[in-house]
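Engineer: Take a look and give me a structure for this.
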Amino acid sequence: MNENITTEKVEYATFWKRAGAYILDAIFLILITGIINFVNISNYKSFALYLPFALIAVCYKPFMESYYGATIGKMILKLKVTNKNFEKIDMTTSILRSLILVFPAAMYIPIYYMAFNNPNLADLNGLMEFSKAMSSEYSIQGIIGNLSMILIIADIIFLLTDNTKKQRSLHDRIADTYVIVDKKE
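Structural biologist: Alright, predicted model coming up:
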């Protein structure tokens, strides 16, 4: 166990702090990847431009939580992810913890590869026109989106119904992790 943290002093992150961190991370990722992908889809439809930013989005959470103990959103709100001994998690644990979000996102990569190489979609202008055509061309995209939404809702239900007062979501239980308030100054 981390000598600086005893179980009596642990303050588990609340639902609202965790939700706030998630929103901050979404804003950060949209600023980094979303704008580039918007321009790419609207103008170039280049998989070579899409792929590095998709990989950044997929790897962001596992990398940040294993290397720094928190994503940027969690850092801003002074939260950190720990193992059951309140120590920083390793990359394997972080990947396991992130599967609910990362796996569905990674599933879109081959779909975008096919879409960017599809002559039926090549001449479409604008994100909305491309997205609509892509949805009808690759119906698996809707299935992935629905599966992702079901997993996120299940994750939230686990978090909101945790009667242990440790505020653990489904992905915390899968990876045996905790999100706690980082009290170091």
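
Engineer: where's L101 relative to I174, distance?
Structural biologist: Taking C-beta to C-beta, to the nearest Å as the measure, L101 falls 12 Å from I174. Placement of C-beta: from N, CA and C, glycine included.

Engineer: Show me what counts as buried in the longest helix along the chain.
Structural biologist: Across the chain, the helix with the greatest residue count (assigned by DSSP state H) is helix 91-116. Neighbour-count burial for helix 91-116 flags 93-98, 100-102, 104-108, 112, 115-116 (criterion: 16 or more other C-beta atoms under 10 Å).

Engineer: swap in stretch 160-177?
Structural biologist: By neighbour count with 16+ other C-beta under 10 Å, stretch 160-177 contains the buried residues 162, 167-172, 174-175, 177.

Engineer: Quick one: distance of it to the chain centre.
Structural biologist: Relative to the centre of its chain, stretch 160-177 is centred 17 Å away, using C-alpha atoms, centre = their mean, to the nearest Å.

Engineer: Quick one: end-to-end length of it, please.
Structural biologist: Taking C-alpha to C-alpha, to the nearest Å, the first and last residues of stretch 160-177 lie 16 Å apart.

Engineer: Stretch 30-39 too?
Structural biologist: End-to-end distance for stretch 30-39: 12 Å, by C-alpha to C-alpha.

Engineer: Contacts for it, please.
Structural biologist: If you take C-beta atoms under 8 Å, 6 or more residues apart in numbering as the criterion, stretch 30-39 is touched by 49-50, 53-54, 56-57, 127.

Engineer: would you list those in CSV and tack on neighbour count?
Structural biologist: Shown next, in CSV, are those (neighbours: other C-beta atoms under 10 Å):
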residue, neighbour count
L49, 17
Y50, 22
F53, 17
A54, 19
I56, 14
A57, 21
L127, 15
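
Engineer: on that earlier part again, quick one: list the elements packing against the longest helix of the chain.
Structural biologist: Under the contact definition 3 or more C-beta pairs under 8 Å, 6 or more residues apart in numbering; DSSP states H and E, helix 91-116 sits against helix 47-67, strand 79-83, helix 127-137, helix 140-160, helix 170-175.

Engineer: returning to that earlier point: between which two of the contacts of stretch 30-39 is the distance greatest?
Structural biologist: Based on C-beta to C-beta, the longest span within these runs between I56 and L127 and measures 19.2 Å.
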